[in-house]
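>>> Predicted model and sequence below, questions to follow.
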Amino acid sequence: MIIGSLLFHGWEIQDVQSPFSILAKVASKTGENHQFIEIGENLNTAYESSAHFPIYPTVDYQSCPKLDVLLIPGGL
């Protein structure tokens with residue numbers, strides 16, 4: 001399963017961390033293989049959360065694989 005989170009400036013960290021944590025726990029208990037990716041418009045841009053926590057995306061819009069789950073966090 002491929003799970004992606006859309007990054008943008010001002011994204012809300014708990015809206016990404018909580019679902020990722022739950023899905024990672026399910027994967028560890030079931031033995032399923034999950035891939036977590038962060039998606040941004042530009043790979044060379046750090047997208048800062050509302051808590052000022054910067055994350056670089058692992059893929060951009062053009063290179064994003066087909067996702068099973070897309071998380072779109074809230075934000076400012």
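Great, that's in hand. Residues are numbered from 1 along each chain as shown.
>>> elements contacting the lowest-mean-pLDDT helix or strand in the chain?
Within the chain, no helix or strand scores below helix 14-30, which has a mean of 89 by mean pLDDT, DSSP states H and E. With contacts taken as 3 or more CB pairs under 8 Å, 6 or more residues apart in numbering; DSSP states H and E, helix 14-30 sits against strand 2-6, strand 35-40, strand 69-71. Any C-beta I mention is one placed from the backbone N, CA and C, and that applies to glycine too.
>>> is it possible to export those to a markdown table including mean pLDDT, mean neighbour count and distance to S50?
Formatted as a markdown table, the helices and strands packed on helix 14-30 follow (pLDDT from 0 to 100; neighbours: other CB atoms under 10 Å; distance: least, CB to CB, whole Å):
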| stretch | mean pLDDT | mean neighbour count | distance to S50 |
| --- | --- | --- | --- |
| strand 2-6 | 95 | 20 | 14 |
| strand 35-40 | 95 | 18 | 16 |
| strand 69-71 | 94 | 15 | 15 |
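>>> Of those, which is nearest P57?
strand 35-40 (3.1 Å; CB to CB).
>>> Next secondary structure element downstream of that closest one?
Counting by DSSP states H and E, the next helix or strand C-terminal to strand 35-40 is strand 47-48.
>>> Show me what that next one pairs with in its sheet, parallel or antiparallel.
strand 54-55 (antiparallel) (DSSP bridges).
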